[in-house]
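Engineer: Coordinates only, no sequence provided:
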């Protein structure tokens, strides 16, 4: 049986039509924004129960414990919800790089002089 | 005529079915994650052209220059794109609180002891 969400948390989250909510992962020590992924009710419950960030993979349509194969897990430090309940912030302790490209964070491209450049 | 996106940026962004992409606003000084909102191609172009964060309001279905009425604007410091092009990170200089509730950031609730609590 899957873990359940705290009732007040479940009531406060506004899932989209697909039953998902965007989740920002932030390094709790450095403040660096690591990635954005998506969570279902089950993935939030699994994250709270296990203490490790677990998302919903939209491409694979299944729960995705971050780092399950790579070992680059995210230990949950704190789960926050925004004012209108439609975005989650996971403050995490990241093991290894967060990005599948090997970059520490997924946001390694930025606009520079009117063009997209790799900055990290 | 609306401003246009840099072509390589336009090609790299993967907008969703509604033509939107989630955008995280982060305080460029403190690293605090301020809010999550949504951007259209036009709102990204307006942000780059004006130097102030401009989102797409899903509730009002129009461009929304953050702080237009409240004065709580976000001066753009840097616009980043993630590895697969489906999330944006705006590093900004925030004037006043980012949240319409008056909190500095929208993520002022967190799970504590299995329940949702106001923490800021």
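Structural biologist: Great, that's in hand. Quantities reported herein were computed from a predicted structural model and do not represent experimental measurements.
Engineer: name the element residue A:105 belongs to?
Structural biologist: Using DSSP states H and E, residue A:105 maps to neither a helix nor a strand.
Engineer: contacting residues around it?
Structural biologist: By Cβ atoms under 8 Å, 6 or more residues apart in numbering or on different chains, the residues touching residue A:105 are A:27, A:32-35, A:97-99, A:120. Where C-beta positions appear, they are placed from N, C-alpha and C, glycine not excepted.
Engineer: can you check residue A:90 too?
Structural biologist: A:23-26, A:47, A:53, A:74, A:76, A:78-80.
Engineer: Buried ones from the contacts of residue A:105, can you make that a PyMOL selection?
Structural biologist: In PyMOL, this line selects whichever of those come out buried by 16 or more other Cβ atoms under 10 Å in any protein chain shown:
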select buried, chain A and resi 27+32+33+34+35+98+99
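Engineer: Now tabulate the contacts of residue A:105 in CSV and tack on secondary structure, distance to residue A:59 and pLDDT.
Structural biologist: As requested, the contacts of residue A:105 are exported to CSV (DSSP: H, G, I helix; E, B strand; the rest coil; distance: Cβ to Cβ, whole Å; pLDDT from 0 to 100):
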residue, secondary structure, distance to residue A:59, pLDDT
A:27, strand, 24, 98
A:32, coil, 24, 98
A:33, strand, 21, 98
A:34, strand, 19, 98
A:35, strand, 14, 98
A:97, coil, 19, 98
A:98, coil, 17, 98
A:99, coil, 16, 97
A:120, coil, 24, 83
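Engineer: Would you mind trimming the contacts of residue A:105 to those in range of chain B?
Structural biologist: Among these, the residues lying close to chain B (Cβ under 8 Å from any Cβ of the partner chain) are A:32-33, A:35, A:99.
Engineer: can you tell if the longest helix seen in chain A touches chain B?
Structural biologist: Counting residues, the longest helix in chain A under DSSP state H turns out to be helix A:41-50. Yes: with Cβ under 8 Å from any Cβ as the criterion, chain B is reached by helix A:41-50 at residue A:48.
Engineer: list the contacts for the residue of chain A found nearest chain B?
Structural biologist: In chain A, no residue comes nearer to chain B than residue A:31, which is 2.8 Å away by Cβ to the nearest Cβ. Contact analysis of residue A:31 by Cβ under 8 Å, 6+ apart lists B:30-32.
Engineer: So which residues of chain A form helices?
Structural biologist: Using DSSP H, the helices of chain A run over A:7-12, A:41-50.
Engineer: Please identify the deepest-packed of the ones you listed.
Structural biologist: Greatest average neighbour count among the helices of chain A goes to helix A:41-50 (a mean of 20), per mean count of other Cβ atoms under 10 Å in any protein chain shown.
Engineer: tell me the mean pLDDT over that helix?
Structural biologist: Helix A:41-50 shows a mean pLDDT of 97.
Engineer: show me where pLDDT drops low in chain A?
Structural biologist: Where chain A drops to pLDDT under 70, the residues are A:1-2.
Engineer: Before I go, just wanted to say thanks for your time.
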